[in-house]
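*Asks:* fold the following, please.
(2 chains, ligands or ions: 3)
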Amino acid sequence: MAKVPEMELMNKGTTACPGCGAAHAMRYMLKALGKKTMINIPACCWAVIPGVYPSRNLEIPLLYTAFETTGASSSGVRAALNAKGVDPREITVVGFAGDGGTADIGIQALSGCLERGTDTIQVMYDNEAYMNTGIQRSGETPYGAWTTTTPVGSQKAWKRNPKKNMMEVVNAHGIPYAATVSIGHPELMIEKIQKAKEIPGPKFIHIYAPCPTGWRSDPSNTIELCKLAVDSCVFPLYEIEDGKYKIYKKPKDKIPVKDYLKLQGRFRHLPEEEVERIQENVDKEWELLLKKEEFTNE
Amino acid sequence: MSEMKIVSGNFAAAYGAKLSRVEVVAAYPITPQTEVVEKIAELVAEGEMDSEYIKVESEHSAMAACIAASNAGARAYTASSAHGLALMHELLIWASGARLPVVMTNINRAMGPPWSVWADHHDTLAQKGTGQLQFFCESNQEVLDSVIMAYKICEDEDIMLPAMVVEDAFILSHTKEPVEIYDQELVDEFLPSYDPDYKLDVDQPLGFGSLGMPDWYMDFRYKIAEAFEKAPDKIMEVNKEFEEVFGRDPGGLIEEYKTDGVDVLIVTMGSISSTSKDVIDELREEGHNVGLARLRTFRPFPVEEFRKLTKGVNVVGVMDRSYTFGHGGDAAREIKDALYGHRDVILKDYIVGLGGRDLTPKILKNVMLDAISLQDKGLDREIEWVDLRINQERWRR
Ligand SMILES: Cc1ncc(C[n+]2csc(CCOP(=O)(O)OP(=O)(O)O)c2C)c(N)n1
Ligand code: SF4
Ligand SMILES: [Mg+2]
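*Replies:* Residues are numbered from 1 along each chain as shown, chains lettered A, B, ... in the order given. Ligands and ions are numbered 1, 2, ... in the order given. The predicted structure follows:
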């Protein structure tokens, strides 16, 4: 297993909330990629976390871009480097966007970027809602969750749609590498990101990044939630390399989803039968993933 | 050696980009701009143009990619029209806010609905507040010249702004004219490679576009306003230099045609200007003291120049190939702004040729005669729509 490098490219003094998973996501990612990295960041919590002008807590060049443009912006930076003769293995161009910027408003630019084969790592740090604007639902908000635009209320208007499966979306583009990673497993996360860095072409990394503010969870539970998400198979850790699935961290004993849900206020309103429904869905998805792994490795 | 070629406005734009040694192109096809995209693809595929060509999935992404490339220190180019330009809106503002000299060609086309692919300036003028310099071209040669010039102006450290070089749909974009394709060495001499002071650099990591709190934001905007104030002189300076190197005057801020001591000044933009000049000749032969100002640079708006030009003029007749709802023709409105408190002159706004409606010499002449008639009868109305189906008889007779 990869070691977590000592080097820090993210300094102290972020504006992130206590226990912010997204802050860890950037820190570990930069440890994995090193100094020779250029990052495109759209509107999202991470547009604020590095600090406001003229301060900045990251030791790498940073390009802020409009909310829906991360994929296009990454292609632009990569093209400029190509024009200057800079090898993609020498400088890594990263798109680092939230779930909204990746899976909703930015999905077109992401799709274009992947389809045209830009040599880049496109990262979705997934806190499962639009947090920067105050916790509105996104395509990545899971079924059952409260957000300010799925406010439950007397009509039980929690999110009624399933979470969009971005790993499948990006895999449909035939890209060479995609992986889910979690800040609860930093060594594995670093290993996968370093692997992505070495592969030519478009790569996708889905980082699970709990948000205590939006999930109504205790900031001290952030890492615990990451582990529970993996152990309950809510967020399986797997990679897809040239179409082959590999679950690289299988839970020894699969724990019930309710152990994961109960640490989060955003699911508090759910009646027993809804929790069961979520459990059934997680089981179904997990079984399907196991089959995909089996099938693609035959 | 320079070479004369018979090319369309679209090809002229593509050759302008090629001669400017654009390093990154990102563009998306739309009628009538499509040929620019295709021609550049061909030039790159044939190894005649050494550019990274990003085949983006939308115009929004085209401008986003150009912005990013420019931020990374590359000379970037795109082209679009109408709906594509409108889709870029957010990024047009971003480019000026980020102080990036991205140059684009916009082929002026009407906005739908109803769908229309024909000439109309509204697409460009709806972006007049986005911080782009805007150059309206009269000929295909001017399209090529303006692309090269625009980089020189925009990359100047006092300016550092994006620009739009615009040409009228079909009338220029698809009409072939002789165009001098300059010797590359000559262009290189005029336009050195782009080497910005600040760019994405792993050895000198900087952040671009971070959150600006109220105690900073306003000052950044003021800096852009300052650049706009410096732009007219810079444009004229580059125009002069261009003339010295290439022996051709692309028109500066305003091209004056027989304006000395005129009583009536006609103002036009874009391709109708050349027909209008013929009509001016005809009217002068008939004894009318009339001249023409072709408004080439819409942004920055040549305020001082209009004040000078209208000295001693009785009537200004402005032909606007655009109409901003609730406001009027864009050029007429801006000229009024410029003259307020400086000139007491009759100004009439003629809305003409929207959505590609044909502007024959006859119609143009009737417009000018109407303007001339105002000297005696005074201003009848501030804005008049010309050659509508309900008033065609009057303008075509
Ligand atoms: C075009 C546009 N629409 C809306 C917004 C407002 N906005 C800024 S960030 C954001 C949500 C970001 O959500 P996500 O991508 O999940 O990142 P997070 O804030 O959760 O980290 C929204 C809606 C914007 N900046 N631009
Ligand atoms: S709202 Fe959530 S994602 Fe945003 S900074 Fe706070 S904890 Fe992090
Ligand atoms: Mg989010």
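
*Asks:* nearest residue to the residue of the stretch 1-150 of chain A found nearest ligand 1 other than its sequence neighbours?
*Replies:* Nearest residue of the stretch 1-150 of chain A to ligand 1: residue A:98, at 2.2 Å (C-beta to the nearest ligand atom). Quick note: C-beta positions are derived from backbone N, CA and C, even for glycine. For residue A:98, ignoring the flanking residues on the chain, the nearest one in space by C-beta to C-beta, 6 or more residues apart in numbering or on different chains is residue A:44 at 3.7 Å.

*Asks:* one more: residue B:316?
*Replies:* Excluding the flanking residues, the one nearest residue B:316 by C-beta to C-beta, 6+ apart is residue B:347, at 4.6 Å.

*Asks:* wait, doesn't that neighbour sit right on residue B:331?
*Replies:* No: Residue B:347 is not in contact with residue B:331 according to C-beta atoms under 8 Å; the separation is 10.6 Å.

*Asks:* overlap in contacts of those two?
*Replies:* Counting by C-beta atoms under 8 Å, 6 or more residues apart in numbering or on different chains, the shared contacts of residue B:347 and residue B:331 are residue B:318.

*Asks:* now the longest helix along chain B: buried residues?
*Replies:* Identified as the longest helix of chain B according to DSSP state H is helix B:214-246. Within helix B:214-246, the residues scored as buried using 16 or more other C-beta atoms under 10 Å in any protein chain shown are B:227, B:228, B:231, B:232, B:234, B:235, B:236, B:238, B:239, B:242, B:246.

*Asks:* list the contacts for the closest residue to the fourth one other than its chain neighbours?
*Replies:* Nearest non-adjacent residue to residue B:232, counting by C-beta to C-beta, 6+ apart: residue B:300, 5.5 Å away. Contact partners of residue B:300, counting by C-beta under 8 Å, 6+ apart, are B:133, B:228, B:229, B:231, B:232, B:235.

*Asks:* can you redo these as JSON lines with distance to residue A:1 and pLDDT?
*Replies:* Listed next are those as JSON lines, based on distance: C-beta to C-beta, whole Å; pLDDT from 0 to 100:
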{"residue": "B:133", "distance to residue A:1": "55", "pLDDT": "98"}
{"residue": "B:228", "distance to residue A:1": "57", "pLDDT": "98"}
{"residue": "B:229", "distance to residue A:1": "60", "pLDDT": "98"}
{"residue": "B:231", "distance to residue A:1": "58", "pLDDT": "98"}
{"residue": "B:232", "distance to residue A:1": "63", "pLDDT": "98"}
{"residue": "B:235", "distance to residue A:1": "61", "pLDDT": "98"}
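
*Asks:* retrieve the pLDDT associated with the residue of chain B found nearest ligand 1.
*Replies:* Among all residues of chain B, residue B:90 sits closest to ligand 1, at 6.5 Å; criterion: C-beta to the nearest ligand atom. Residue B:90 carries a pLDDT value of 98.

*Asks:* ditto for residue A:12
*Replies:* For residue A:12, the pLDDT comes out at 89.

*Asks:* is it in contact with residue A:58, as I believe?
*Replies:* No: here residue A:12 lies out of contact with residue A:58, judged by C-beta under 8 Å, at a distance of 11.7 Å.

*Asks:* show me the helices in the stretch 101-250 of chain A, by range?
*Replies:* For the stretch 101-250 of chain A, the helices defined by DSSP state H, counting those that start in this stretch cover A:107-115, A:166-171, A:186-198, A:212-215, A:222-231.

*Asks:* what helices and strands are in contact with the third one?
*Replies:* Helix A:186-198 makes packing contacts with helix A:21-33, strand A:120-126, strand A:177-182, strand A:202-208, strand A:237-241, strand A:244-249 when contacts are defined by 3 or more C-beta pairs under 8 Å, 6 or more residues apart in numbering or on different chains; DSSP states H and E.
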